[in-house]
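Undergrad: missing the sequence, but the structure's below:
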Ligand SMILES: Cc1cc2nc3c(=O)[nH]c(=O)nc-3n(C[C@H](O)[C@H](O)[C@H](O)COP(=O)(O)O)c2cc1C
Ligand code: SF4
Ligand code: FES
C-alpha cells in the first residue's frame, strides 16, 4: 500500500513562517522541501505532490527542482547515507581508498544501499572540508574528518548502535597552541 | 615579504574565544561600525559608505576579485520598491573551505558587514545563501542572527535610525552552480539553478527582477574593518593592488592543512613551508593550485618570489580565485588529478549551453581514457580543441573554469600526459 504523507498543524505553522520571509511563495520551495525531507526521510514523488499542494505550485515544477539538487532524495535511501568526498583534495589524500574500504566493509558499491536498508553509500563532490581530507558526511548532517579505516570502523559501529557523530569543530590553524607565534 | 606575518594579529578570525556570542563580540568593538554609521548619517550617508569601501578596494573573495564598493555603486537610485543584498555562502569550489570559518568563529562580523552593505545599497532584505551541506554552520549562524534581532541590529528602525533590514538564511541543496551569482538568484527564487544571460546584470535586474547586489561572505566580513579603521588603513594591509586580510585555505599534501588568516600578498613559499609546515612526508612539491580547482595549476619551479595576490598570480599564469591552495607533491599523478577536476565540472554543469554540457563530458571522457591507459597522443590535441570551443562561449564561467585546468595542465605538465599516452598504445599491442 502506498504510504501517504501529510503535514500537520505544527508543520503548516513552520511553513507559514518560511513563507513570510519571501515576497513570492516559490522561494519557499527549497526550504519546504528540506523540511519535508527531514520529516519523511526523502522527497519522493508522493512528498513532491504534498509540497506542490501545500504551496499551490505545479507538481512538475517541484519535480524539476528536486531533480536538480543532489541532496534531495528522490527515492527512499538507507537509514544512514555516507557521502564520501572523492574530489580534488580528498582524492589526493586517499578519498578513494576510504571509499573502497567502506565498499568492502558494507559489501556494496558507491550508489547502492545495503540489503538491510541500514546504509547507502555515495561518492560525492567537494564538501568544503578540504583541509580535513579525507572526509565524509553522514545523511546530510555531520562531517567526519580525517578518515582512517579505524575511524570508519568506529563510525559504522556507532551508527548501527544508533549513535550519530557529533559536530567536529575545526578552529583556524594558527590559533592552535603549537602554532601560536608571539 | 619579510617576517611581518609572524606578528600578524588576525582581524577576521581573531584569537578570541566566544565571539559567536553577541555580548562577547560587542565587547571587542562589535557592531561599533554599524553604530558609527547609523548614529552619524550626515558623515556616513549610504553614498559615503560606498565611497569608503570602494576606496578600500576590498577585492571580492568569491573568486572574481571585483572591488566590492565599485559593485555597490552600480545599484540604481532607489525608486521605493524592494532591493536586495544576497550573500554568497555557497562555498563549493573544490579546495575552498573558508567562509564556514566565519560562520563558526566570527558570525557577527559577517552579519555586521552585511547590514552595513544593505544600508549602503539601500536594501532592506538580506538573503544569505548557504550550501545545504553546511547545515551545522547554518545553525550556528541562525543563532547569531537571532541574537542580532534581539539586540536591535536587525529588524525595524535599527538602533533608532530610519533604516530597516531583515536577514534570512536560505539553504541550497547540493549544486555547485548555485554559487554562480545568477544561478544563486534562480535557486533563491525556488527554481532549478540555471544561470541567467547577462546583461542585464543583477544591479539592474536581480532577485525577482529587482536591483540586487551579490557578495561573498568573506568580502562582507571585511566591511566593518574598513568602517572602523578607514580605507587608508585597510589599503596598507598586504599587497597594494589586492589589499586586506585573506583566509588562506591550505589542503592537499601538506603537514598542517587548515585555514590561516594573513595579509594578502603572502609569499607562496612562506605559506607552504613555514605557515603550513611544509610538504607531507618530506616530499618535494610538484604543483600548486592557488585558488580553487578552476585556477590553473602552477609548476613548483615557477613559485620563487610568487605572492598570493591577483597581480603576482596572473603574471605567473594563474589566478587568486578563492585562495584555496591545493598542494600537490612529487608523487602526484597530474593526469589523474585533472581527470577528477573534469569529472567535477562535468557533474556540475547545468547543461544549458552546448559547449559546456558536451565539452565537460568530452574532457572527462578523454582524460579518463588517458588515465586508464587507453590514450593516444592525438587525444591531447583533442583536449585542447575542446577547450578552445568552450572558453568564452557560454552563459556563465563554469565552462571556462572547466577548461582552464585542462589546458594549462597539458601545457605545463605535458611530459606526464605524453608518457601516459605513449605507454598505453604500445602496452596494448
Ligand atoms: C561556476 C561558478 C561558481 C561560483 N561559486 C561561488 C561560490 O561558491 N561562492 C562565491 O562566493 N562565489 C562564487 N562564484 C562567484 C560569484 O558568481 C560572484 O562573483 C561572487 O559571489 C561575488 O561576490 P564577491 O564579489 O564578493 O566575490 C562562482 C562563480 C562561478 C562562475
Ligand atoms: S556554462 Fe555550463 S554551467 Fe554555465 S550556464 Fe552554461 S551549461 Fe550551465
Ligand atoms: S575536496 Fe573533499 S572536502 Fe573539498
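TA: Everything's here; your move. This is a predicted model, so every value here is computed, not measured. Residues are numbered from 1 along each chain as shown, chains lettered A, B, ... in the order given. Ligands and ions are numbered 1, 2, ... in the order given.

Undergrad: check the gap between the residue positioned nearest the centre of chain A and residue B:42 for me.
TA: Central residue of chain A (Cα atoms, centre = their mean): residue A:140, 1.8 Å from the mean position. From residue A:140 across to residue B:42, the span is 49 Å (Cβ to Cβ, to the nearest Å). Placement of C-beta: from N, CA and C, glycine included.

Undergrad: got a list of what the residue nearest to the residue nearest to the centre of chain A when sequence neighbours are not counted touches?
TA: Spatial nearest neighbour of residue A:140, chain neighbours left out: residue A:71 (5.7 Å); criterion: Cβ to Cβ, 6 or more residues apart in numbering or on different chains. When contacts are counted by Cβ atoms under 8 Å, 6 or more residues apart in numbering or on different chains, residue A:71 is found next to A:140, B:132-133, B:173-174.

Undergrad: can you rerun that using 6 Å?
TA: A:140, B:132, B:173-174 (Cβ atoms under 6 Å, 6 or more residues apart in numbering or on different chains).

Undergrad: residue B:328 against residue B:286, yeah?
TA: Yes. The criterion here is Cβ atoms under 6 Å, and residue B:328 meets it with residue B:286 at 5.2 Å.

Undergrad: the residue nearest to residue A:140 is in what secondary structure piece?
TA: Under the criterion of DSSP states H and E, residue A:71 resides outside all helices and strands.

Undergrad: what about the helix or strand hosting residue B:170, distance to the chain center?
TA: Using DSSP H and E, residue B:170 falls within strand B:166-171. From the chain centre to the centre of strand B:166-171 is a distance of 19 Å (Cα atoms, centre = their mean, to the nearest Å).

Undergrad: can I take it that residue A:84 is in a strand?
TA: Yes. Residue A:84 forms part of a strand when assessed by DSSP: H, G, I helix; E, B strand; the rest coil.

Undergrad: so what's the residue count around it?
TA: 26 (other Cβ atoms under 10 Å in any protein chain shown).

Undergrad: quick one: residues contacting it.
TA: Residue A:84 is in contact with A:98-99, A:123, A:136, counting by Cβ under 6 Å, 6+ apart.

Undergrad: not including adjacent chain positions, what is the nearest residue to residue A:170?
TA: Excluding the flanking residues, the one nearest residue A:170 by Cβ to Cβ, 6+ apart is residue A:132, at 5.9 Å.

Undergrad: was I right to think that neighbour contacts residue A:143?
TA: No. With contacts counted by Cβ under 6 Å, residue A:132 stays clear of residue A:143, the gap being 7.5 Å.

Undergrad: flag the shaky bits of chain B, pLDDT-wise.
TA: Applying pLDDT under 70 to chain B flags residues B:1-2, B:424-429.

Undergrad: what residues go with each domain of it?
TA: Domain assignment for chain B by automatic domain parsing gives B:3-234, B:240-329, B:334-422.

Undergrad: is ligand 1 contacted by stretch B:42-56?
TA: No. Counting by Cβ under 6 Å from any ligand atom, no contacts exist between stretch B:42-56 and ligand 1, the nearest distance being 11.2 Å.

Undergrad: residues contacting stretch B:169-182, please?
TA: So stretch B:169-182 is contacted by A:30, A:34, A:69-72, B:90, B:92, B:127-132, B:138, B:142, B:183-184, B:187-188, B:193, B:195-196, B:214, B:348, B:350, B:396 (Cβ under 6 Å, 6+ apart).

Undergrad: distance of residue B:319 relative to residue B:222?
TA: Going from residue B:319 to residue B:222 by Cβ to Cβ gives 19 Å.

Undergrad: okay, strands next: where are they in chain A?
TA: With DSSP state E as the definition, chain A shows strands at residue ranges A:80-85, A:119-124, A:136-138, A:143-144.

Undergrad: can you give me the buried ones in the first one?
TA: By neighbour count on 16 or more other Cβ atoms under 10 Å in any protein chain shown, the buried set for strand A:80-85 is A:80-85.
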